[in-house]
Every structure is written in C-alpha cells, then in structure tokens.
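> Sequence and predicted structure below; questions after.
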Amino acid sequence: MELVDVTKRYGRAAALDGVSLAVPAGTFVAVMGATGSGKSTLLHCAAGLDRPSHGRVRLAGRDITRMREGRLTRLRRDRVGFVFQSYNLLSALTVRQNVLLPSRLGGPRGDLDGVLRSVGLDGLASRPVGELSGGQRQRVAVARALITRPAVVFADEPTGALDPSTGATVLGLLRDAVDRDGVTVVMVTHDPGAAGFSDRLVLLRDGRIVADGPTPDPVAIAERLRAVSAAGLAGAGRAA
Ligand SMILES: Nc1ncnc2c1ncn2[C@@H]1O[C@H](COP(=O)(O)OP(=O)(O)OP(=O)(O)O)[C@@H](O)[C@H]1O
C-alpha cells in the first residue's frame, strides 16, 4: 500500500495535505491523531473508497489512482478486507452467510471452516449474527475480511465498541494475520492500547504526517499523541 504526495481537498480545506506513506507487505500500521486530523480520509484514499485531489495511490500491487470504478470495486472485493467499528454485518443472516458474502458477490471462495476456527467461531456458523455479542460480531467481521486472503486489511476503530479484553482478542487476530499470512493491516484508532499491537505508528496533524516510526509501548504512544495535539494547539494559537 502506498500513498505518494496525496492531497484531498473538501472545498478549499485540505483534509490531507501532501501525504506520502509506503507500507511494505506484512506490516501492521496504526494511524493516530486528534479528531479531524485526516485519519479516515487517509484510510479512504488508501483503500480506494475515495479519490485524492492530487497524488498517487498503490493498492495490492496496482496503481489505483485513475482505475475505473468497476475494476476498483473488483480489486477491493478480491484483495482487500475491511473491519469497521460498527461491524457492518447483516444481522438477520448467519455467521456463515456473512463471512461468505464476498464470495457470493463473485469474489474468491475461501476456506470457511479454517477462517472460523482461526477467529474462534467454530460451532457458531449457523447462528444469526443478531444473536451474537459485540466481540463475537467483530470476530465475524474479521473472518469476513480475511476469508479472501487479502493483501491489505483496513480497520477503522475496530475495537471502538468493545471492552478492552475483547478488543485485545480481536487485535490479536489481526496481528496473527500479519505474522502468519503476511497480510498488511492499516488501522485507524484513538486507543494507544490498540495501537500497541502495530509495528509502525503514523501520527497525523492537520492532514500531514508529523511522526512515523516503530511503535513504542502504549504509555509512550499516549505521550506522543499528547505532544502532537499540544503542538497543534500551540500552532493554532500562534496563527490566531
Ligand atoms: N465529506 C467531507 N466533506 C467535507 N469535509 C470533510 C469530509 N470528510 C472529512 N472532512 C473534513 O476533513 C478533515 C479530516 O477529516 P477526517 O474524518 O479524515 O478526520 P479524522 O482524523 O478521521 O477524525 P475523527 O477522529 O474525528 O474520525 C476534517 O476537517 C473534516 O471536517
């Protein structure tokens, strides 16, 4: 996954401002920053859900900058997984039906039993998702993201709705996918504990990358976040 000098403007304001970020395969990256710093915009541009105003994007080995919508949709379906805070599952359907959704839509057929076992959901395949706990639902979402053996998984606050211990289990599943299968994970989070599962920490402020390096422990992550936000506020004060 690679962004090269990506700018995304909404009207005159730049939500992303000249961001370059190359993520080698098999890396787990956490993207953090204050609210409005551009995290979701970065994720959407990197995943081909949104088009940059300027710059280039590579995803799963392909330049998607000017790729037509149909090809981009197929590339996302076949090579990319998504995990969102709100699960984005169909609650009337069973676990099996939800996990097999990408292949029902024409994507590659994966190993259902294997993926359900790997996320600890074996035995629950026939249960409607609406009857499951939040943690179980997020495991279903992770299974759905992983069943196609994607190159990249994008996760937007995947543990935002979970208690810390359930969240740690879900993050462990993403970590396993990176370590075992060489999946690349790009995760947006506000939680230093969640970011602690990553290899690399990218901090955004006002649409720019202000720090990028190996992920420290959660206490140091929280300190860096505070420093970045404080510098942003000081900058805003000077400008005013
Ligand atoms: N569709 C849009 N139209 C106009 N402005 C937008 C749109 N999406 C985002 N923005 C603006 O771009 C900036 C970055 O937003 P973005 O959602 O990427 O931030 P974020 O870091 O993900 O914030 P949060 O942590 O609150 O989710 C914000 O100033 C936001 O108001």
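Done, it's in.
> how about H44, what does it touch?
H44 makes contacts with D50, as judged by C-beta atoms under 8 Å, 6 or more residues apart in numbering. Placement of C-beta: from N, CA and C, glycine included.
> State the pLDDT value of it.
Here, the pLDDT recorded for H44 equals 96.
> same check, this time on T169
The model's pLDDT for T169 equals 91.
> quick one: it and G135, what's the gap?
7 Å (C-beta to C-beta, to the nearest Å).
> V19 too?
Distance from V19 to G135, by C-beta to C-beta: 33 Å.
> So those two - more neighbours on which side?
Shown here are V19 and G135; by other C-beta atoms under 10 Å, V19 has more neighbours (24 against 17).
> can you list contacts of stretch 206-225?
Residues from elsewhere that reach stretch 206-225 (C-beta under 8 Å, 6+ apart): 8, 14-21, 30, 32-34, 37-38, 41, 192-193, 195-196, 198-204, 228, 231-232, 235.
> First-to-last residue distance for it?
13 Å (C-alpha to C-alpha, to the nearest Å).
> for the record, mean pLDDT for it?
97.
> That one: which residues count as buried?
Judged by neighbour count using 16 or more other C-beta atoms under 10 Å, the buried positions of stretch 206-225 are D206, G207, I209, V210, T215, I221, A222, R224, L225.
> Would you agree T41 is in contact with A15?
Yes - at 4.2 Å, T41 counts as touching A15 under the criterion of C-beta atoms under 8 Å.
> overlap in contacts of the two?
Common neighbours of T41 and A15 (criterion: C-beta under 8 Å, 6+ apart): K8, G207.
> re earlier: quick check, nearest of the buried residues of stretch 206-225 to the ligand?
Distance to the ligand, by C-beta to the nearest ligand atom, is smallest for G207 among the buried residues of stretch 206-225, at 6.7 Å.
> what bridges to the residue nearest to V178 when sequence neighbours are not counted?
Nearest residue to V178 in three dimensions, chain neighbours excluded: F28, at 4.7 Å (C-beta to C-beta, 6 or more residues apart in numbering). Counting by DSSP bridges, F28 forms beta bridges with V185.
> can you pull the contacts of F28?
For F28, the contact set (C-beta under 8 Å, 6+ apart) comprises L174, R175, V178, T184, V185, M187, F197, S198, D199, R200.
> Helices - which of those residues land there?
Per DSSP state H, helices hold the following members of the contacts of F28: L174, R175, V178.
> Nearest to the ligand among the residues you listed?
L174 (19.0 Å).
> thinking that closest one is in contact with V185, fair?
Yes - the criterion here is C-beta under 8 Å, and L174 meets it with V185 at 5.2 Å.
> between these two, which one's more packed in?
For the pair L174 and V185, the greater number of neighbours falls to V185 (28 against 25), based on other C-beta under 10 Å.
> quick one: contacts for the more buried one?
Applying C-beta under 8 Å, 6+ apart, the residues contacting V185 are T27, F28, V29, V152, V153, F154, A155, L174, A177, V178, S198.
> Tell me how many other residues surround L72.
Residues lying near L72 (other C-beta under 10 Å) number 19.
> actually Y10, not the one I typed
Around Y10 there are 10 residues (other C-beta under 10 Å).
> cool, and G18?
15.
> Check the contact between it and D5; I expect there is one.
Yes - if you go by C-beta under 8 Å, G18 and D5 touch, sitting 5.4 Å apart.
> Identify the contacts common to those two.
Joint contacts of G18 and D5 (C-beta under 8 Å, 6+ apart) are G55.
> What residues does this structure have near the ligand?
Y10, A15, G33, T35, G36, S37, G38, K39, S40, T41 (C-beta under 6 Å from any ligand atom).
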